[in-house]
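Student: After the sequence you'll find the predicted model.
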Amino acid sequence: MEIFWTTLEKILGKVFPAKIVSSFLGIGYLPGWQNYWSSFLILFVTDIILVFTYGGDFILYRMPSSGIIVAAIFAKLAIVVLILQLVGISIFHTQDPSASSDENIVIQIALGQVLTVALSMPAIMSIYYTVSKLYGSICKGILQCPFWFNDFMHLFFFFIIPYAFFNVVEVIKPWPISSIQLNYNNAISITFEGIFLAFYSVILLYLTAFIFCDLTIHNAIVLNKGIFQYVKESSIVLSDYLRNTVKKISIE
């Protein structure tokens, strides 16, 4: 069995861009701040795509409906990143056993950032409402901000909240993240680094929202149920579409 997996990894290594995936498009080879750039890139690109797809007005001013859609998309993206990460790091380690998350492997950071958004949307929206109200009172009471600038700032708040909380946790590296980095270096251990980062980030976001932003447990549960239901329904629609497409191709 070990020979089979080794042979399979060598074959996949010829066609699968393991180095590019593991370093998250080469970010792992930057001279510094690789973790921050990887979490920034995955958020920035995904949010830009969402804005162009749904429109900034929908994302910002149709909450909580838009929040459910955004969280569901990030949940699906997390699954894709997880699969790519496991395959990519496994192959990369056969090519370069010394590669580690201390240096050039940063895709687990992107996974953790995506999971953070997917699992903490109620908290993100609650903090966003609070920050937006504070900004609105300053802008209306003291400054005369143009509409385009207000929209830009609201998009910035929505983007920066999960990014800031995630990177605070990444800097602290609470237990057992540092222990995992010191004692292990494989696809599973590196994946768990990202998962633990997301776990602590989600806790920090919810605690902040519960204590300072008037989020209730009931509202958080209701919204998360809506996200889960949307993921389930959209996944069924996608699977039916793929099944029908395969049938049409096989008939032709």
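Tutor: Structure's in. What do you need? Just so it is clear, the model here is predicted, and its values are computed rather than measured. Residues are numbered from 1 along each chain as shown.
Student: contacting residues for Met25?
Tutor: Actually, residue 25 is Leu. It isn't Met. Leu41 (C-beta atoms under 8 Å, 6 or more residues apart in numbering). (Glycine included, C-beta is placed from N, CA and C.)
Student: Mind doing that once more with 10 Å?
Tutor: Leu25 is in contact with 17, 37-38, 41-42, 45, 106-107, 110, counting by C-beta atoms under 10 Å, 6 or more residues apart in numbering.
Student: and the least confident of those residues?
Tutor: The pLDDT minimum for the contacts of Leu25 sits at Pro17, where the score is 84.
Student: So what's the residue count around it?
Tutor: 14 (other C-beta atoms under 10 Å).
Student: residue contacts, it?
Tutor: Counting by C-beta under 10 Å, 6+ apart, the residues that Pro17 touches are 23, 25, 84, 88, 91-92.
Student: any chance of the contacts of Leu25 in CSV, with distance to His154 too?
Tutor: Formatted as CSV, the contacts of Leu25 follow (distance: C-beta to C-beta, whole Å):
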residue, distance to His154
Pro17, 36
Trp37, 24
Ser38, 25
Leu41, 21
Ile42, 21
Val45, 19
Val106, 29
Ile107, 30
Ala110, 24
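Student: which of the residues you listed count as buried?
Tutor: Burial by neighbour count, judged by 16 or more other C-beta atoms under 10 Å, picks out 37-38, 41-42, 106-107, 110 from the contacts of Leu25.
Student: Out of the contacts of Pro17, give me the two with the largest separation.
Tutor: Farthest-apart pair in the contacts of Pro17 is Leu25 and Ile91; separation 16.2 Å (C-beta to C-beta).
Student: Going along the chain, name the helices of the chain.
Tutor: 2-15, 18-22, 34-54, 56-61, 65-95, 107-119, 121-141, 147-172, 177-183, 187-212, 217-251 (DSSP state H).
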